[in-house]
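Asker: Provided below are the primary sequence and the corresponding predicted coordinates.
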Amino acid sequence: MFKGLGQMGDMAKMMQAAQEMQQKMAALQEEMHNIMVEGESGAGLVKATCTAKGELKSLDIDPSIFNSDDKEVVEDLILAAIKDAQSKASDRAQEEMGRITEGMGLPKDMKLPF
């Protein structure tokens, strides 16, 4: 019948797949606000919790590290715990994105603009 109809059908499938992926990405972006990761430093003396989006939510500091002579050490431990949590958040976000791309038949390690 119509020679071009097959190509239009393929294009419609591609558009539908792209729309599904966009919806999944939007849902994941929302979900990443609820996924929590924890970073730590000083063998657990300082713990930082943040979302998979990297937003710091809480700090847990063992009182044993509070000594006025160790102010710089304490500050370093706090920064290290926050950086650890943010690094884990980034890893978790990439892991979640990989699940979506893999589910769509795309390479798991495909970098998306997020």
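Answerer: Yep, that arrived.
Asker: Make sure Ser87 is actually in contact with Gly39.
Answerer: Yes - using CB atoms under 8 Å, Ser87 is in contact with Gly39, at 7.0 Å. Backbone N, C-alpha and C define where each C-beta goes, glycine included.
Asker: Those two: who's more crowded?
Answerer: Remark: of Ser87 and Gly39, Gly39 carries more neighbours, 20 against 13, as counted by other CB atoms under 10 Å.
Asker: Verify the assumption that the more buried one is located in a strand.
Answerer: Yes - applying DSSP: H, G, I helix; E, B strand; the rest coil, one finds Gly39 inside a strand.
Asker: right, and it touches Ala48 too?
Answerer: Yes - counting by CB under 8 Å, Gly39 does reach Ala48; the two are 4.9 Å apart.
Asker: which residues do the two both contact?
Answerer: In terms of CB atoms under 8 Å, 6 or more residues apart in numbering, Gly39 and Ala48 are both contacted by the residues 81-82, 84-85.
Asker: Format those as JSON lines; extra columns: distance to Gln29 and secondary structure.
Answerer: Formatted as JSON lines, the shared contacts of Gly39 and Ala48 follow (distance: CB to CB, whole Å; DSSP: H, G, I helix; E, B strand; the rest coil):
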{"residue": "Ala81", "distance to Gln29": "25", "secondary structure": "helix"}
{"residue": "Ile82", "distance to Gln29": "22", "secondary structure": "helix"}
{"residue": "Asp84", "distance to Gln29": "23", "secondary structure": "helix"}
{"residue": "Ala85", "distance to Gln29": "19", "secondary structure": "helix"}
